[in-house]
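Participant: Sequence isn't available, so here's the structure alone:
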């Protein structure tokens, strides 16, 4: 996202760009229905999130809009002073793991695909960890 179009305070920055994510995922990017650059003030230690949005009815008519099924990726803002270091860790460690997670999810059985899943990557003191939620 261009700095000119930014919606973040000056002391916050996104550690990744659209090009970073597209480069990592390559042809799997077609399975991503939404790439969001979050604007909240503080996500804590979360720097990257990914979710599988399952074909679950989300309204009273029990209909499922097909455009909502797929992967959502959230890039969380970080302190601008930590952007470069965070970007390096995400490009070297988190993005390959995101690629693997999406690859495995695409090949997963129907039971897995019928349930929404989330994974969050956290960066604390230079150490990257992740947590899955279903």
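Facilitator: Nice, thanks for sending it over. Nothing here was measured: the structure is a model prediction, and the numbers come from that model.
Participant: The residue nearest in space to the middle of the chain: helix or strand, and which one exactly?
Facilitator: The geometric centre of the chain, computed from its C-alpha atoms, lies nearest to residue 73 (C-alpha atoms, centre = their mean), at 2.6 Å. Residue 73 belongs to strand 70-75 when assigned by DSSP states H and E.
Participant: packing partners for the longest helix along the chain?
Facilitator: Secondary structure assigned by DSSP state H gives helix 95-107 as the longest helix of the chain. Helices and strands touching helix 95-107, by 3 or more C-beta pairs under 8 Å, 6 or more residues apart in numbering; DSSP states H and E, are helix 18-25, strand 46-53, strand 70-75, strand 117-124. Using the backbone N, CA and C atoms, a C-beta is placed for each residue, glycine as well.
Participant: between those, which one is nearest to residue 87?
Facilitator: helix 18-25 (7.7 Å; C-beta to C-beta).
Participant: Describe which strands the helix or strand just after that closest one pairs with in its sheet and in which direction.
Facilitator: Proceeding C-terminally, helix 18-25 gives way to strand 32-37 as the next helix or strand, assigned by DSSP H and E. Sheet pairing of strand 32-37 (DSSP bridges) gives strand 70-75 (parallel).
Participant: And the contacts of the partner strand?
Facilitator: Outside strand 70-75, the residues that touch it by C-beta atoms under 8 Å, 6 or more residues apart in numbering are 14-16, 21, 31-38, 47-53, 98, 102, 105.
Participant: what does stretch 37-51 give?
Facilitator: In contact with stretch 37-51 (C-beta under 8 Å, 6+ apart) are residues 1, 7-9, 12, 14-16, 71-78, 86, 90, 94, 98, 101-102, 116-124.
Participant: List only buried entries from those residues.
Facilitator: 8, 12, 14-16, 71-78, 86, 90, 94, 98, 101-102, 117, 119-123 (16 or more other C-beta atoms under 10 Å).
Participant: Let me see the contact set for residue 16.
Facilitator: 48, 75, 87, 90-91, 95.
Participant: ok, back up a step: quick check: angle from the strand holding residue 73 to strand 117-124?
Facilitator: Between strand 70-75 and strand 117-124, the angle comes out at 20 degrees (axes from the mean of the first three to the mean of the last three C-alpha atoms, to 10 degrees).
Participant: Since that was my last question, I'll sign off now.
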